[in-house]
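Sequence plus predicted model, see below.
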Amino acid sequence: MSAAQPSRENGIATHSVGFAQAREELLRLARKRYYAALATSSPEGQPGAAPMRYAVTDTFELVMGTLRTSRKIVNLRRNPKVAIVVWDDEFSLQIEGLFDEPTGADLERLQACFANEFPREFLIREGRPNHLFFRVTPVWARYSDFMDEPGRVLTLDFVGQTETRGTWPVITT
């Protein structure tokens, strides 16, 4: 009996190892870096991108902060769908998610996460009356590593709690 052949999705050979294990793997990768590009859309539909500092909770919520008067907050309050990219020389992590502004104990929990990662920066931000912390909850994420041949890819659907992983096909001439 032969082993199951991986399926193909968008040209990527894929196989499943389990959502929980894959989620933990991406959580570890997201914690390797602390800067990301946050993409939003203006009320007129114009794209905007901003460099952001972030922390990640154990449940994969991204915690960020900005001024209440920033263009990105205006955009996010109108359209809470966001895209985020984290990268370095070895990998990229694309995240699509939903923005919200937590309050009460939920906000305190997220602020504690940010403060744990960036204690000095948290104190500075907390002291600004016009500053707010917000959350992005992922709905989809893709990790790509092209340092090896073939390149490796891991995709998570947080809503359906499914994952696929595999490699890009090696292209030869």
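Cool, the structure landed.

May I see the buried residues of the longest strand seen in the chain?
Secondary structure of the chain read by DSSP state E shows that its longest strand is strand 131-145. With burial defined by 16 or more other CB atoms under 10 Å, the residues of strand 131-145 counted as buried are 132-139, 141-144. C-beta here means a position set from N, CA and C on the backbone, and glycine is covered the same way.

Kindly format the C-alpha coordinates of the next helix or strand after that strand as CSV.
Toward the C-terminus, strand 131-145 is succeeded by strand 152-157 as the next helix or strand (DSSP states H and E). Provided in CSV are the C-alpha atoms of strand 152-157 (Å, rounded to 0.1, in the frame of the first residue of the first chain):
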residue,chain,number,x,y,z
ARG,A,152,8.1,25.7,2.3
VAL,A,153,4.6,27.0,3.0
LEU,A,154,2.2,26.7,5.9
THR,A,155,-1.4,28.1,5.7
LEU,A,156,-3.9,28.3,8.5
ASP,A,157,-7.6,29.0,8.3
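
Flag every buried residue along strand 152-157.
By neighbour count with 16+ other CB under 10 Å, strand 152-157 contains the buried residues 152-156.

Output the contacting helices and strands for it.
When contacts are defined as 3 or more CB pairs under 8 Å, 6 or more residues apart in numbering; DSSP states H and E, strand 152-157 sits against helix 19-30, strand 131-145, strand 162-167.

now those as CSV including distance to E90 and mean pLDDT?
What follows is these, written out as CSV (distance: least, CB to CB, whole Å; pLDDT from 0 to 100):
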stretch, distance to E90, mean pLDDT
helix 19-30, 10, 90
strand 131-145, 6, 95
strand 162-167, 16, 81
